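Peer 1: next input, structure requested:
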Amino acid sequence: MYSVPDYLARLKLARRSPRTIEEYRSILGSFARFLDVPLEDLHNHLLPDNLINYAASRMDKSERGNRVHLGIIHRFYTLNGAKFDELELNILKPRKTVEQNDKPLDLSTLQKMMDLGDSHSRAILAVLISTGMRAGECCKLRLSDVKGDTITIPNEIAKGGRGGKVYLSDEAKEYLGLWLRDRDRYLKVARTKYYAKNIPADDDRLFCVAYPTMRHIFSRLYDLVDGEEGKYWSKCTIHSCRKYFRTHAVRSIPLDIVEKIMRHTGYLTGSYVRISDEDVRNQFHAGESTLYITRADHRIQTGKLDTLKKENLELKSRLEKLEALQAESKRNADHLQGLQEMDVSHMRGDEIREIIRREVARTLKMVSS
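Peer 2: Next up, the predicted model:
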């Protein structure tokens, strides 16, 4: 049987990330506290009823949280040879019924949040929106991970060990530069706070905060601007920045480029799509304006696009009218040619007058139109 320390050690050998291992330790520790047994002795108390009772105690928790907690503990059970009947498995692995009812983050809300933020929070927002990276990755970035307009996300801090390169728009680069100039002052002030006394003297994290603090920064600004509450948390969370990136980037950046930047994996993407980092970078910058939050270029470009659309419609209408006039002119020319070639030598006078009358009426109608 695996004890919890043995199990966590095996996870490390299996190249699970430190964050994943710590999450397993925390959840197994929560289960041990529920049973009131030492964590190191948990493997001797793996009765099915214990886990069923634990599941019952979490009925008021979110479905997503329950799936994570029960899934990790159930995996520990099965590795130690425990078996469950069909009904017990239905309890431990409930069907996913959660619907996406979060509120989309919009440009107006982001602009108001930027107005209320300081150099630190503005840089965080701008970087998250520009890169589409996860907040958990953003808070673990080091200063050395940033080179010009490129941020390299190490595999060690990335979800699923899938790191990669993301890119800063001109706007995000400007806000990050302002933050870096203010970073030393921020750290000096932060170290005077009782809750930040453990900040190391040589802290090389890009934003100098852990995930809970970064999440609080976003939530505080959002609550000031909107603050609409859902069942368990705000309608908008810091993860909404990643959703905003995916929704807006595809308006001006090819989908394959967006998926590569977000490091989404799929059968076709992983097997067939081959794009160089330089090509990704160039295409990102070509369409980055859709990710601007406060930059005037965004408003100018949007206005120019609207103007061009209006001018295009006007030109199209004028072209259609011109084509109609050309067609009418051709018909008139063909008609006149026919009149010139008409043999009237055998016609009576009243027939010739009728032809003249019709042509006069036709000409007057053309002039009036």
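Peer 1: show me the strands in the stretch 1-150 of the chain, by range?
Peer 2: 146-147, 150-153 (DSSP state E, counting those that start in this stretch).
Peer 1: what lines up beside the shortest one in the sheet?
Peer 2: This points to strand 146-147. strand 150-153 (antiparallel) (DSSP bridges).
Peer 1: now do the partner strand: distance to the chain's middle.
Peer 2: 17 Å (C-alpha atoms, centre = their mean, to the nearest Å).
Peer 1: which residues touch whichever helix or strand residue 243 is part of?
Peer 2: According to DSSP states H and E, residue 243 maps onto helix 240-249. For helix 240-249, contacts defined as C-beta atoms under 8 Å, 6 or more residues apart in numbering pick out 102-105, 110, 125, 128-135, 218, 258, 261-262, 287, 290-291. For the C-beta atoms, the positions are set from N, CA and C on the backbone; glycine is no exception.
Peer 1: point out where the stretch 1-150 of the chain drops to low pLDDT.
Peer 2: Where the stretch 1-150 of the chain drops to pLDDT under 70, the residues are 94-101.
Peer 1: can you give me the helices in it?
Peer 2: 4-13, 18-35, 48-57, 63-79, 86-92, 107-116, 119-131, 135-138 (DSSP state H, counting those that start in this stretch).
Peer 1: which of those helices is buried the deepest?
Peer 2: Ranked by average neighbour count under the criterion mean count of other C-beta atoms under 10 Å, the helices of the stretch 1-150 of the chain are headed by helix 119-131 at a mean of 24.
Peer 1: that one vs helix 240-249, what angle?
Peer 2: 40 degrees (axes from the mean of the first three to the mean of the last three C-alpha atoms, to 10 degrees).
Peer 1: who are the packing partners of helix 119-131?
Peer 2: With contacts taken as 3 or more C-beta pairs under 8 Å, 6 or more residues apart in numbering; DSSP states H and E, helix 119-131 sits against helix 107-116, helix 135-138, strand 164-167, helix 170-190, helix 211-225, helix 240-249.
Peer 1: tabulate the ones you listed (TSV), appending distance to residue 361.
Peer 2: What follows is those, written out as TSV (distance: least, C-beta to C-beta, whole Å):
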stretch	distance to residue 361
helix 107-116	60
helix 135-138	78
strand 164-167	70
helix 170-190	67
helix 211-225	70
helix 240-249	60
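Peer 1: do you know which of these lies nearest residue 152?
Peer 2: Residue 152 lies closest to strand 164-167 among the helices and strands packed on helix 119-131, at 5.5 Å (C-beta to C-beta).
Peer 1: and that closest one, which strands flank it?
Peer 2: Here, using DSSP bridges, strand 164-167 pairs with strand 150-153 (antiparallel).
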